[in-house]
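Q: Sequence first, then the predicted structure, then my questions.
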Amino acid sequence: MILLLFAAGLVSIACLMVFGIGSRSPEGKALGILSVALGIALGVTAGSVTASLGADEGTVVAVGLLGCSLVMIAGSVAARRLLRKADLQRHL
């Protein structure tokens with residue numbers, strides 16, 4: 001149960017980070033959608049692997065959410081760096 005609450009908190013943070021990237025520019029929206037798509041794909045894969053190992057439903061959901069949110073957070077950080085770098089190069 002604690003793992004599920006932790007996963008839900010990380011999903012909230014990940015969604016806020018993706019929203020922050022998407023509100024900057026059209027390129028940010030595209031990169032945000034990409035990080036969400038990759039996060040969902042990894043989350044489903046992690047949940048499927050956990051389910052095939054015989055875990056209960058709560059653990060499967062928690063592992064899927066953790067995988068999804070961590071990829072979304074990493075994708076948002078990478079997108080923010082790319083956008084910042086592109087903005088700096090545009091001004092030079």
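A: Thanks, I have the structure now. Residues are numbered from 1 along each chain as shown.

Q: Using PDB, write out every CA atom in stretch 25-32.
A: Only the C-alpha atoms of stretch 25-32 are listed here, as PDB (Å, rounded to 0.1, in the frame of the first residue of the first chain):
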ATOM      1  CA  SER A  25       6.400  26.100 -26.700                       C
ATOM      2  CA  PRO A  26       5.100  23.800 -29.500                       C
ATOM      3  CA  GLU A  27       8.400  22.000 -29.400                       C
ATOM      4  CA  GLY A  28       7.900  21.500 -25.600                       C
ATOM      5  CA  LYS A  29       4.500  20.000 -26.300                       C
ATOM      6  CA  ALA A  30       5.900  17.500 -28.800                       C
ATOM      7  CA  LEU A  31       8.700  16.500 -26.400                       C
ATOM      8  CA  GLY A  32       6.300  16.200 -23.500                       C
END
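
Q: What mean pLDDT does it get?
A: Throughout stretch 25-32, pLDDT has a mean value of 87.

Q: That one: which residues count as buried?
A: Burial within stretch 25-32, assessed by neighbour count using 16 or more other CB atoms under 10 Å, is assigned to 28, 31-32. Placement of C-beta: from N, CA and C, glycine included.

Q: And what about the residue most central in space within the chain, helix, strand or coil?
A: Centroid-nearest residue in the chain, with CA atoms, centre = their mean: residue 72, separated by 1.3 Å. Of the three states, residue 72 takes helix under DSSP: H, G, I helix; E, B strand; the rest coil.
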